[in-house]
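Participant: Make a model of this:
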Amino acid sequence: MNSTRAQTRTAGATRARLRLFAFLAVTALLATSDLATRPASSAFAVDYPTWDDVAAARNNEAAAANQIAAIEALIGQLTTESERAQADATAKGARWGELDSRYQAAAGKAQTLLDQAEAAKVAAADSGQRAGQMAAQLARAGGSDITATLLAGNEDPDSLLYGLGMSGRIAEQTNALYERAVLDRNTARALTDQADVARDELEQLKIAAEAAFVEAQAASEKAAAAVVAQQENQARLAQQLVVLKERRAATEADYQKGVEERAKAGIGLPAGAISAAGWAKPVAGRVTSSFGPRVPPTGGASSYHQGTDFGAGCGSPIYAAAAGTVVYAGWNGGYGNFVLIDHGGGVATAYAHIVGGGTFVGYGQQVAPGTHIANVGTTGTSTGCHLHLEVRIGGTARDAVPFFAERGITLG
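Facilitator: Below is the predicted model:
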């Protein structure tokens, strides 16, 4: 879409330039006989820039300024995104660090549990060995039924009682050692399982957090790189803008020199030509009725003239005085065929008595200074072909002659 708009603008500028060149060519041909009797003067169309050159220089500068403004806005967005990405990376890095610390703690605890499990295994083996030794001692003492052996012996009662007591204690110790061996083995198995589960779970969390951190860090670096790239682009365009401003200033200065040279040579701006202020001469011809009080030239005419009349020949071209928007194009009573252009800032210009079929613009149309908008006629309250030109400021009619003079245009 941007390329289409650019093509449209380029095409419009090309058409305007062609119209200006065509007009200058015709003017040169018409003025040949007059110029032949005068001293040789500069070839203004060649030596000095045209208004199209000035407009192009201004447009280039404005385009660069707009690009810089757009890039500045983009840099703001990218900076915000970069800060968000960096904050995300920082948060995910902190999360990864937290999980890594927990993993290291869990790994240490797992190692401790593994050490405890190994010790429990050793204790279980030792308890089993001791229980086995006790069982072996019982067997060597006469079998597994030590009580029967004692009762069958010839010992005295005290010895018999002592032997029975020892037998009970030995059996209790044997059972205790066996139960301890089983408990130690179970404890060792449970501790080992707990250690493995805790370590594996934290390892998975750590891996996921690390991956998230790496991804966030990459996004942060990419966002930061985008900011740097646009900042470099901005700096490049800013340098271009400086050059464009210098070129625009030089073009305007040269254009103004051309205007001044024409004035010195007694050559005023032709109709449709544009001053350094960006305003165009609307029509050729002398002033036939000035702004202000007057004797009405015909019935229905006003005794207070709200415009300035120029005695241009029927069908002569009428040009837009400045860039603006057409806000009226059609019949308007005593004005006849009428065009009103809004130039912004409360300033408007009006063109009246246009010949029938000679209006070339329509409502809402954008026009550039020097655009051929109509041809001179004598429609409405009129005594002959002429252009009635008005300048309106804040809706109130003002004298066009001094207004245009302030903008480098001599009317009449």
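Participant: make it CA atoms for all contacts and neighbour counts henceforth
Facilitator: Will do.
Participant: how about low-confidence regions in the stretch 301-412 of the chain?
Facilitator: Of all residues in the stretch 301-412 of the chain, none has pLDDT under 70.
Participant: That one: helices as residue ranges?
Facilitator: 400-405 (DSSP state H, counting those that start in this stretch).
Participant: Now do the strands in it.
Facilitator: Applying DSSP state E, counting those that start in this stretch to the stretch 301-412 of the chain gives strands spanning 304-305, 308-310, 317-319, 324-331, 337-344, 347-359, 366-367, 372-376, 387-393, 396-398.
Participant: Quick check: which of those strands is nearest to S290?
Facilitator: strand 308-310 (4.9 Å; C-alpha to C-alpha).
Participant: and that closest one, which strands flank it?
Facilitator: strand 287-289 (antiparallel), strand 387-393 (antiparallel) (DSSP bridges).
Participant: hmm, who's touching the last one?
Facilitator: Contacts to strand 387-393, defined as C-alpha atoms under 8 Å, 6 or more residues apart in numbering, come from residues 283, 306-312, 346-354, 376-377, 397-400, 403.
Participant: how about a markdown table for the strands paired with strand 308-310, with distance to I68 and mean neighbour count added?
Facilitator: Below are the strands paired with strand 308-310 laid out as a markdown table (distance: least, C-alpha to C-alpha, whole Å; neighbours: other C-alpha atoms under 10 Å):
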| stretch | distance to I68 | mean neighbour count |
| --- | --- | --- |
| strand 287-289 | 47 | 16 |
| strand 387-393 | 34 | 24 |
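Participant: for those strands, which one sits closest to S316?
Facilitator: strand 387-393 (9.3 Å).
Participant: what angle sits between that closest one and strand 337-344?
Facilitator: Interaxial angle of strand 387-393 relative to strand 337-344 (axes from the mean of the first three to the mean of the last three C-alpha atoms, to 10 degrees): 30 degrees.
Participant: next one: strand 387-393 to chain centre, how far?
Facilitator: Centre-to-centre, strand 387-393 and its host chain are 43 Å apart (C-alpha atoms, centre = their mean, to the nearest Å).
Participant: Kindly report the same for stretch 72-81.
Facilitator: On C-alpha atoms, centre = their mean, the centre of stretch 72-81 falls 7 Å from that of its chain.
Participant: just stretch 104-112 next, same as before
Facilitator: With C-alpha atoms, centre = their mean, you get 51 Å for stretch 104-112.
Participant: can you list the domains in the chain?
Facilitator: Domain segmentation of the chain under automatic domain parsing yields 1-38, 43-268, 287-405.
Participant: Let me know which of these is tucked in deepest.
Facilitator: Mean neighbour count, computed with mean count of other C-alpha atoms under 10 Å, is highest for domain 287-405 among those, reaching a mean of 19.
Participant: end-to-end on that one?
Facilitator: Using C-alpha to C-alpha, to the nearest Å, the end-to-end distance of domain 287-405 comes to 14 Å.
Participant: Kindly report the same for stretch 295-306.
Facilitator: End residues of stretch 295-306 are separated by 13 Å (C-alpha to C-alpha).
Participant: Contacts for that stretch, please.
Facilitator: 290-294, 334, 381-383, 390, 397-399.
Participant: what's the most distant pair in these?
Facilitator: Largest pairwise distance in the contacts of stretch 295-306, by C-alpha to C-alpha, is 23.0 Å, between T383 and R398.
Participant: if I pick the closest residue to Q240 other than its chain neighbours, what's in contact with it?
Facilitator: Sequence neighbours aside, A64 is the residue nearest to Q240 in space, at 7.5 Å (criterion: C-alpha to C-alpha, 6 or more residues apart in numbering). Contact partners of A64, counting by C-alpha under 8 Å, 6+ apart, are L237, A238, Q240, L241.
Participant: and of the strands paired with strand 308-310, who's closest to A70?
Facilitator: Of the strands paired with strand 308-310, nearest to A70 by C-alpha to C-alpha is strand 387-393, at 34.1 Å.
Participant: Taking strand 372-376 as reference, get the angle to that closest one.
Facilitator: 130 degrees.
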